[in-house]
Each structure stands twice: as structure tokens, then as C-alpha cells.
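1. no sequence for this one, just the structure:
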């Protein structure tokens, strides 16, 4: 392993500290951030507004180490998926979803996932470790490089969602630093409404997130009752629906324009009945929210099936009649296993013991 500092791990504050330690002015941080994140430069010699001496110093002390692209797949609908190698035996998947008015990149925050949601392919792969800041940001760097810019010169990626592999709030510090870079005008310059954190409901971390960030929030709910959600999302046994929704309400409090996006995967005969829709209307009462209904995307050996279109439409209509903004998410990239819940990557360590240890350690990190 190299003992050089990977500059992709540094947000602006860290980068300024790095240059001060080198005996340089702090404004060099802004220059290098632009080279890295706005111009996609990975060679210090191409950073032409830095002196030759400084470029030599950077080459000695630092590096720009990126994930390795192992597989690059394009769907017939325009969706793009990359399998990125991180270290020996481990890799993650990143997906780009093009739409008429925006381009969304779905990024991963962990290698695998420890939450074991029963309907999610990622959750069935086990858990290895958190991603570093450079491994999170490296996904965006690679995608930007691959996609380039549209004919008008605008960036293709306009939105970032932490909805890939892993629970981002169990990788709290690195996720927050990555968000810093996404919103930094000298890096990616995205607005808070164009960055979305999706969580299954890690309540202490969600409360902590409010103190340091106000990016958009999505909640993987998937059930209107605790009994049902205990089976689908085991984390619910620790943080039941009432606690999770209270934390979501607290997170957006103070801004009347904000809503929490509720993600609800539609499972045939499990959570898709009219009475479930009516129960969902009741449980969401008082929380400014909008619901995304997600047709289940099958994966090998799953016991679940996708709800039929008429069932999904009826469920949606009940929610809308109940006063909840509701849309059905169009399935994208399922021909290359890039749809919601299908990302698997390659996870070296799948043991229950290490999953449980990881959850315990990460909870301590979040709660102090």
C-alpha cells in the first residue's frame, strides 16, 4: 500500500490543511480541487497554474488514486453501469440514469450492506467495509470522465443520489465529507436539492446529519406497519417507524418547501394491498412527503415477485386520493441488473459475524 495521501480523500478544509503543512498558501487547495473535480485531471504535470517545484512536491507526497473500471455496461434505455474494483476481492457498482431534464448518478457508500433488507440483492451479499471518501468521490470522477459533457458543454451528471450499495448513514464521516465536495463551488458545485441521501432509518445518524448538512432526504420505508417492516427491513426492530418518521420530520423542520421522499418497493401480495395503501396514508399524516412507488426488480433466488401494473396503479390512486404526492418510478437498466435493488458488486467478506461487529462499531462512531 502506498503511504502517499490520496487527494481525492480531502475536502476543501482538509486540502487547505495539507497545503499549509507543505509550507504552501491555502489557496492552492482551491486550484487543485478544480483540477481534480472540475477538469478531471489526474496527473500533477497537467496542473499548469502550479509551479514546477510544487508539482514535484505533490508527486512526492501525494497521489490521485482512482477506482479501476472492471466492467462498463450500457442498457438499451440509456442507463449506464460501472463495476469498479477497489481492493483485492472487492468492488462496487455505480449507475447513471439519463432523463430528459436531468442525469442522475446513483453511487455506493459501502462494500455490500449490513442491513439485510430481504427484498434487496445488495443486502443479500453481506458486508465488508465502508468506502473511503476517495472511493465515493471516485465513482463520480469515473462517471464524469466516461460520460463527458453534452453538446452544449453542460455536465451530463446533474444529480447525485446515495442509493447504491450500502447504508450511507453507517458511513457517516466519509459520506459527509463526500457531500462537502459535491456542494463545493471549487469541486462539483451541486445545490443541496440535487444531492440526496437515502437511508433505511438510522435514527441517531439522521439526527446528527441535520447538524452538518441539509441535502435532500429519502427514506426506504417499504411498509406501513412495524410488523411488516420488521421482516422487510430488519433495522426497524431497533428504530421503529414512529421514531424514524419523527427523525425525518425533524430533519426537514424549518423549511416549508421541503419534503421527504418515501421509497416503497411494490412486492406482490406482501405490501401492495389497498388496506396497506390506506395504512400508509395514515402513517405519513403530518410528514411533508412524496412517495416513490418502486416496482420490485427480481434477482436470483429471491422469494418475492413484482406487483402487477394494475395493482400498483390502484395503490398509487389511493395515496393520491389521500393527499400524498405519488409517482411510480419507471424501471431503468434492468437488462444490465442496474435497477433499484439489483446492485451487487463483489463483496469478499459475507460473514454474519463481521456484519454484526460492523454495525456495532459504526453505531458507536455515530453516537459517540
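-> Nice, I can see it. Since the structure is predicted, the reported quantities are computational estimates derived from the model, not experimental observations. Numbering: from 1, shown residues only.
2. wait, residue 131 sits on residue 107?
-> No - judged on CB atoms under 8 Å, residue 131 makes no contact with residue 107 at a distance of 9.0 Å. Every residue, glycine included, has its C-beta placed from N, CA and C.
3. and residue 99, how many residues sit next to it?
-> Residue 99 has 12 neighbouring residues, counting by other CB atoms under 10 Å.
4. any idea of the pLDDT on it?
-> Listed pLDDT for residue 99 reads 87.
5. Could you do the one 10 residues further on as well?
-> With respect to pLDDT, residue 109 scores 95.
6. can you pull the contacts of it?
-> 130, 131, 136, 162, 164, 165, 166, 167, 168, 171, 174, 175 (CB atoms under 8 Å, 6 or more residues apart in numbering).
7. for those, which one is nearest residue 92?
-> residue 165 (5.3 Å; CB to CB).
8. my guess is the closest one meets residue 115, correct?
-> No - counting by CB under 8 Å, residue 165 stays clear of residue 115, with 11.0 Å between them.
9. Looking at the two, which is more packed in?
-> With neighbours defined as other CB under 10 Å, residue 165 and residue 115 compare such that residue 165 has more, 27 against 24.
10. SS state for the closest residue to the more buried one other than its chain neighbours?
-> The shortest distance from residue 165 to any non-neighbouring residue, by CB to CB, 6 or more residues apart in numbering, is to residue 108 (3.8 Å). Secondary structure, DSSP: H, G, I helix; E, B strand; the rest coil: residue 108 is coil.
11. Let the chain start at 607 from now.
-> Okay, residue one is now 607; in that scheme the one you just asked about reads as residue 714.
12. wait, residue 714 sits on residue 767?
-> No - at 10.8 Å, residue 714 does not count as touching residue 767 under the criterion of CB under 8 Å.
13. Those two: which has the busier surroundings?
-> Neighbour count, other CB under 10 Å: between residue 714 and residue 767, residue 714 has more, with 28 against 20.
14. which residues touch that one?
-> 698, 699, 700, 737, 742, 745, 770, 771, 772, 949, 951.
15. Looking at these, which are in helices?
-> Taking DSSP state H as the definition of helices, the contacts of residue 714 contribute 742, 745.
16. biggest separation within the contacts of residue 714, which pair?
-> 742 and 949 (14.6 Å).
17. Who has more neighbours out of the two?
-> Neighbours per residue (other CB under 10 Å) separate residue 742 from residue 949, with residue 742 holding more: 32 against 28.
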